[in-house]
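[1] Okay, predicted coordinates and the sequence, questions at the end:
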Amino acid sequence: MSKTSISNLVSRLSLLIILSSFFFTPSRANAPDPGLVSQGEVLFKENCKTCHAVHTQEVGPALKDVTKRRDVKWLSAWIRNSSAVIASGDKYANDLFNKFGKSPMTSFSSFKDDEIKAILAYIDSESAKAPETAKAAATTADGTNANAPKQDDTTSTIILILVVVVLILVLTTLIVFLSVIKRFLKDKEATLTEEDKELVNQKFDLVVVVKSKMFITIVSLLFVCIAVRACWLGALSIGVEQNYEPVQPIPFSHKLHAGDNKINCNYCHTGAYKSKQANIPSVNICMNCHTHVKEGPKYGKEGIAQVVKAYESGAPIKWVRVHNLPDLAYFNHSQHTTVAGIECQKCHGPIEEMEVVRQHSPLTMGWCINCHRETAVNSKDNAYYDKLLKIHADSKKKGDMKAEEIGATDCSRCHY
Amino acid sequence: MKEKNKVFWKGVEELQNEPEFIKNNLNEFPASALAKDGSDDSAPDRRDFLKLVGFSVAAATLAACEAPVKKAIPYLNKPEEIEPGIANWYASTYTEGGDYCSVLVKTREGRPIKVEGNKLSSVSRGGASARVQSSVLSLYDTERLKGVQVAGKASSWEAADAAIIDRLAKVSQEGGAIRLVSSTVLSPTTLKAIAEFKAKYPTTEHVVYDAISANAISKANGISFGKAVIPSYDFSKAEIIVSFAADFLATWSAGDYSIDFANTRKLSKNKKTMSRLYAFESNLSLTGSNADYRAPIKLSQEGLFVAELYNRLTSARINTEAVKNDILDRAVNDLLQHKGKSIVVSGSNDVNVQLLINEINLALGNYGKTINLSSPVNYRLGDDEKMNQFVDDLNGDKIAAVIFYGANPVYDHPRAEEIKAGLKKTKLSVSFADRADETASAVEFITPDHHYLESWNDAEPKPGFYSLCQPTISPLFKTRQAQESLLKWAGNNADYYTYLKNNWTATVLNGASWDKALHDGVHEAASVSTEVAPVSSNFNASAVEAGIAKVYSSGKGIDLKLYEKVAIGSGAQANNPWLQELPDPISKATWDNYLAVSKKYADENNWKEGTLVDVKVGNKKLAKAVPVLIQPGQAAGTASLALGYGREKAGKVGTGVGANAFALASIQEGLVQYSAFNVTITATGGFSQIAQTQTHHTIMNRPIVQDATLADYIKDPSAGRFFPTVTTADGKVAPAKVDIWKDQHIQPNHKWGMNIDLNSCLGCGACVISCQAENNVPVVGKREVINRREMHWIRIDRYYSSDAESKKTGVYFEGDTEAMEHPSENPQVTFQPMMCQHCDHAPCESVCPVAATTHSTEGLNQMTYNRCVGTRYCANNCPYKVRRFNWFKYFDNGEVFDKNTSMNTALGRMVLNPDVTVRSRGVMEKCSMCVQRIQEGKLIAKKEKRHVKDGEINIACAAACPTEAITFGDQNDLTSRISVERNELNKERAYAVLEELNVQPNVLYLTKIRNTQA
């Protein structure tokens, strides 16, 4: 089983674990209708998550047990129009307002009673959970994921060690046999011919062996082979920046944005599905959320302040480019995402788990070509491929039509 | 091998088989031509080699150490309509002097990178000349002024505005005359702004002149018909065209004339008629080279020829010296048979000649049919007499203030010196020039105008045909639109965009949508006034007779013609290296103007090509000696010299290239004349090699061009075709039957190809520039062109031919000068665009040791630069000679290749196409059939889940070709234009060049058919 499929399996398993943890929690909490909770969850994620978390204080207060602090009627009024509640002179409301730097909460006047109830139900059910459940699950997923390839590595190491041990055993046995036979023959020295005697009395001389032409030739040949191979590997790795993980000017976490907050890649990388470049998001896209979100859960306020500063001062952020495809290679994201339907992760790895972005793939030509050879063309419902599919069917080639078959390994697909 | 008697040759060297030519001819790559002037030591010695090896190893090691940290800087505030990686197209309008073209501008990440024709315009109709295509590079010219200049020093707009307004007020108060001198202004809104300026300063007068004047035509029409206009011609309805030195295919129109003309020349099994073009001219012009009959005539007899035609076609008669010419006889016959279906035009700026032309056309009944006086063109509105008056006034201290807009008279007016001197006497002098050119550096204030790609503007090339110009990039420098400046000085602080929009809403749109007009780039009034054809004219025969007799006679002196080149024109874009390196369609010379003379004349004086000569007309002398070029087809006793060269203050690319021929122009009867009689030409003893590309990549007398006459074509559509055979054991067979390739390439999905119709190709060179802009082709400069190292991926081969019997056909090296001497006096010309033929059995592919050039599954011959190690085997093995080797690093190498501005200046680099690699030293390159465009088009189709539609993908050269001589498409799509053309409409005419080699090119040519009589 290849590495990829193992890690696939592992990630699927971990997903199952996470899902099941979600599945089982409601039964532990004495919360109402699970349908209401899930409706609330959707609404919460769409509307509240930018500023609120259940267990931690984000832009707004932590919402754990909020229904125990205030009643539903007050909360409804607050959610629909917090300014009105503050203006009415409600003390709790005013204290809260002052505590959070007098930044008013966005009004959600369009929420129906049912919807507010659903959100509160969701908050209740989440409040009942231990604060770290979700994270813990994620860590396990992380852990297993990271272990998967290592396990594979260990297996090969163990096999290697076993082979070495067996070989050593065989060697010692042979030496023992040799000495036994020698001794046996020495005992019968008288019966041996002159030639055999010489052979039996022969002393093993390391110096002679080392100085022998044969030995020198073999050793130097070996040395040359190893050196050539090392050079070759070294040369191959020139310009290959796999696992390049530069420090960015702002500690932007893909794990937080794409992983935890599940923001679609396309929201920030606007070109990923339609252009050649996926595009590093422009600062105004960051500001869509960060006009409100001023503090991150891990790195605090500083990074976000840098974004705001860039936006206000007009000096763009100089990110460090992670994926540096050479100029001589033309790559178009939209061909791979929109037409071929390939997931971002296929090339970029588990980006949603990366705290700091790392170049997951080698981005070598061999890597590209290999994928073009192995990948079947996503020809479903795409009239462009009609003719090619027919040719493929007629050709009686087995399996799906691979990208290579339709010219995806032509030089001028990428080099012009 | 050769079956025909027709002889094709590329230049006089080939005709004469000069030793130098033969030597070069045998080598694909020249031995360094530099060795001659000692700037290069033949072959590198061992030490140099070792040094180089050492250096490269060290460099490679160092380079390999660590990849540099690269930054990615995104937009701060991404404009909604810009998506990095996706091009935006904007419709706009190119105007340069009176030249007009409706264009589409391709921008990437906010930078204009390519200009193409706009098919929605019924004036320019999708054509875009070489000059229009090149204009995008002029935008990124580092020589442009970065801001206002006052008395040669940088200043601020506020200060300059205050000073100018102050002085204008004073001048106006004192009643001093103010003159606004401009070239033809096509923009109605600009004219409105000028009117507003005039209203504020009533002593203002607008003086319009054209660097290359066509004033006589409008003047003659004024006299004949009371309409002082230049009519529009409908060449699509003209079956017989007679041109007296009118280069209407090259420089007369926005492209519609060449489109109409080419359409009359297109043939297919459904259309077997063609127009016939007669040309009478002294220099071989683009129009003359496309003529079926061309008579080289002396300039001093031009009037006599026109008068002769007049006498023969009309009942009236004017008494002038008679001339005899058999081609004129033919023309007369043809014209008489095609009344109302013909056009007679003249490029002369002599009113008397134009009056005769009017009478001829009237007698032929062409008005209202092929010539339209009611829908005139506005391209040349200049009034030479007014300009002349201006110069008189300027020197007579009668002018207090002068403003130049789009005009450079200190360079391009015959009285340049007087203007320069007179400017010092004015109280205020302003120029809107974008650089400190000859005129601008003689004025006090330079208030630079935007480039047209940064401007809002409009144009009205013909009454009722409006066109909008919109900015495609923010102004690069602190420049301001000239119109805005004029308005500001007139006390109107409106920005020009609002002003323009208001003017359009009020006067142009008539309720139509502004957004639509802006999107389309054009707004054309539904009804164009219908022609009421003139039936009579005002013609004073005796006056014309006197006028003709006074000027023209069959004298013995040498006539000089000053002509306009396709690329450089009047020299306004002289600092554009693309235009400077675009080979002249006829002479194939680059980077120079030269004195074209006939072979006979050169021999008489013992001149060789490159001999430097001084040219004198009366007391006027050319500032610089120019080299002689032997031009087949040049009329005996004439010489010609291109205008637009010899700029003194154009910028580092254009300054000092050639000599300024405007200095030899004269003013006669108030009009500028671009011809001179009895000139003195004396050799200086010097020599200067002309950088010609004509005999590079020569073709060893093989039947490359295949042509026939129309009569033969009608009898047998495959007339003129050469069917090669290969002798085998089984007798003679077609080359395709003898194949050394066992495996054939398969192209299951697409098989891209091109058709090139030699009948439609007029040789204008627009495709060359389009390709250069699209594919980041470097400019190499004059020296490297001389070394035969030009980089153009597409070239237009120009072949001369003659029907003379050649005694030794097929024998190349023994020249047959006896037979060829006569034809070089007046050869036929064929243009053949040549680029990589994308052979299915490509000889280049099989010799590449590293598989850098290979065949794609779509029929393309692919060139992989990063794999190329530079053996150059492929170029040696290419029978079409279309591969180009990067002998040098042309980018980031400004010290050596400073003329290659698009790759050596930070600003110039903005024009590069980001989808195409900039090639490095030591690799081979060639036409890729714009694979980037093919890939883009396929991707769009895939995203929309459909097949690629024919015509949706178009390659740069085909897109630029106004006459659709080059068409591109998928051969596997049997309904595509190229398939239909090849398999049905013109099956018999389609041929592969060098079919005998059986390399199976994907580019096919259609035979050239000439409409000559039997």
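    Okay, I see it.

[2] Now the most centrally placed residue in chain A, what are its backbone angles?
    By Cα atoms, centre = their mean, chain A has its centre lying nearest to residue A:350, at 1.7 Å. The phi and psi values for residue A:350, taken as degrees, to the nearest 10, are phi -70, psi 70.

[3] pLDDT of the helix or strand where residue A:155 lies, averaged?
    Element membership of residue A:155 [criterion: DSSP states H and E] is helix A:133-187. Regarding helix A:133-187, the rounded mean pLDDT is 72.

[4] Could you do stretch B:547-562 as well?
    Confidence over stretch B:547-562 (mean pLDDT, whole number) is 87.

[5] Correct me if wrong: residue A:388 contacts residue B:747.
    No. Residue A:388 is not in contact with residue B:747 according to Cβ atoms under 8 Å; the separation is 11.5 Å. (Glycine included, C-beta is placed from N, CA and C.)

[6] Looking at the two, which has the bigger crowd around it?
    residue B:747 (20 against 17; other Cβ atoms under 10 Å in any protein chain shown).

[7] Excluding sequence neighbours, find me the nearest residue to that one.
    Sequence neighbours aside, residue B:859 is the residue nearest to residue B:747 in space, at 4.8 Å (criterion: Cβ to Cβ, 6 or more residues apart in numbering or on different chains).

[8] try residue A:392
    Residue A:392's closest residue in space is residue A:401 (Cβ to Cβ, 6+ apart), at 4.1 Å.

[9] if I've got this straight, the residue nearest to residue B:747 is in a helix?
    No. Checked against DSSP: H, G, I helix; E, B strand; the rest coil, residue B:859 lies outside a helix; its state is coil.

[10] for it, what are its contacts?
    B:745, B:747, B:750, B:751, B:752, B:753, B:838, B:840, B:971, B:1002 (Cβ atoms under 8 Å, 6 or more residues apart in numbering or on different chains).

[11] how about 10 Å then?
    Residue B:859 makes contact with B:745-747, B:750-753, B:838-840, B:929, B:970-972, B:1000-1002, according to Cβ atoms under 10 Å, 6 or more residues apart in numbering or on different chains.

[12] Sitting in helices, which of those residues do you find?
    Using DSSP state H to define helices, no part of those is located there.

[13] Restricted to buried residues, select those residues in ChimeraX.
    This is the ChimeraX syntax for the buried subset of the contacts of residue B:859, where burial follows 16 or more other Cβ atoms under 10 Å in any protein chain shown:
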select /B:745,747,750,751,752,753,838,839,840,929,970,971,972,1000,1001,1002
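
[14] In stretch A:94-103, which residues are buried?
    Going by neighbour count (16+ other Cβ under 10 Å), the buried part of stretch A:94-103 is A:96, A:97.

[15] Between the two ends of it, how far is it?
    Using Cα to Cα, to the nearest Å, the end-to-end distance of stretch A:94-103 comes out at 11 Å.

[16] same question, stretch B:486-498
    15 Å.

[17] Name the residues of it that come out as buried.
    Within stretch B:486-498, the residues that count as buried by 16+ other Cβ under 10 Å are B:486, B:487, B:488, B:489, B:490, B:496.

[18] For it, what does the pLDDT average out to?
    Mean predicted lDDT for stretch B:486-498 stands at 91.

[19] just checking, residue B:649 touches residue B:408?
    Yes. Counting by Cβ atoms under 10 Å, residue B:649 touches residue B:408, with 9.2 Å between them.

[20] For these two, indicate the residue with more neighbours.
    Taking neighbours as other Cβ under 10 Å, residue B:649 and residue B:408 compare with residue B:408 leading, 27 against 21.

[21] measure that one to residue B:660 for me?
    Using Cβ to Cβ, to the nearest Å, residue B:408 is found at 11 Å from residue B:660.

[22] Same check on residue B:242?
    Per Cβ to Cβ, residue B:242 is found 32 Å from residue B:660.

[23] Quick check: which ranges of chain A have low pLDDT?
    In the predicted model of chain A, residues A:1-32, A:50, A:58-59, A:101, A:131-153 satisfy pLDDT under 70.

[24] and it, what are its domains?
    Domain ranges of chain A: A:34-136, A:159-236, A:254-363, A:373-416, per automatic domain parsing.

[25] Sketch out the low-pLDDT regions of chain B for me.
    In chain B, residues with pLDDT under 70: B:1-7, B:9, B:12-44, B:59-67, B:526-532, B:695-701, B:803-824, B:1014.

[26] and if we set it to 80?
    B:1-68, B:253-255, B:525-537, B:555, B:694-703, B:740-745, B:802-826, B:1013-1014 (pLDDT under 80).

[27] Let me see the backbone angles for residue 391.
    Since no chain was named, I'll use chain A. Main-chain torsions, residue A:391, degrees, to the nearest 10: phi -60, psi -40.

[28] hmm, I had chain B in mind actually
    When quoted as degrees, to the nearest 10, the phi and psi of residue B:391 stand at phi -70, psi -40.

[29] ok, it - contacts?
    Applying Cβ under 10 Å, 6+ apart, we find residue B:391 in contact with B:181, B:207, B:209, B:399, B:409, B:413-416, B:418-419, B:422, B:667.

[30] Ok, residue B:303 next?
    Listed by Cβ under 10 Å, 6+ apart, the contact set of residue B:303 reads B:244, B:320-321, B:323, B:346, B:348, B:350, B:352-353, B:356, B:544, B:547-553.

[31] Any of the residues you listed buried? List them.
    Buried members of the contacts of residue B:303, scored by 16+ other Cβ under 10 Å, are B:244, B:320, B:323, B:346, B:348, B:350, B:352-353, B:356, B:544, B:547-549, B:551-553.

[32] Surely residue B:288 is in a helix?
    Yes. Read with three-state DSSP, residue B:288 is one of the residues of a helix.

[33] hang on, the earlier thing: next, show the common contact partners of residue A:388 and residue B:747.
    residue A:407.

[34] Around the nearest residue to residue B:129 once chain neighbours are set aside, count how many other residues there are.
    Leaving aside its sequence neighbours, residue B:129 sits nearest to residue B:766 (Cβ to Cβ, 6+ apart; 5.4 Å). Other residues near residue B:766 come to 29 when the count uses other Cβ under 10 Å.

[35] is it true that residue B:766 touches residue B:962?
    Yes. Using Cβ under 10 Å, residue B:766 is in contact with residue B:962, at 6.6 Å.

[36] Spit out the residues that contact these two alike.
    Common neighbours of residue B:766 and residue B:962 (criterion: Cβ under 10 Å, 6+ apart): B:117, B:127, B:128, B:129, B:255, B:258.

[37] Cool, thanks, signing off.
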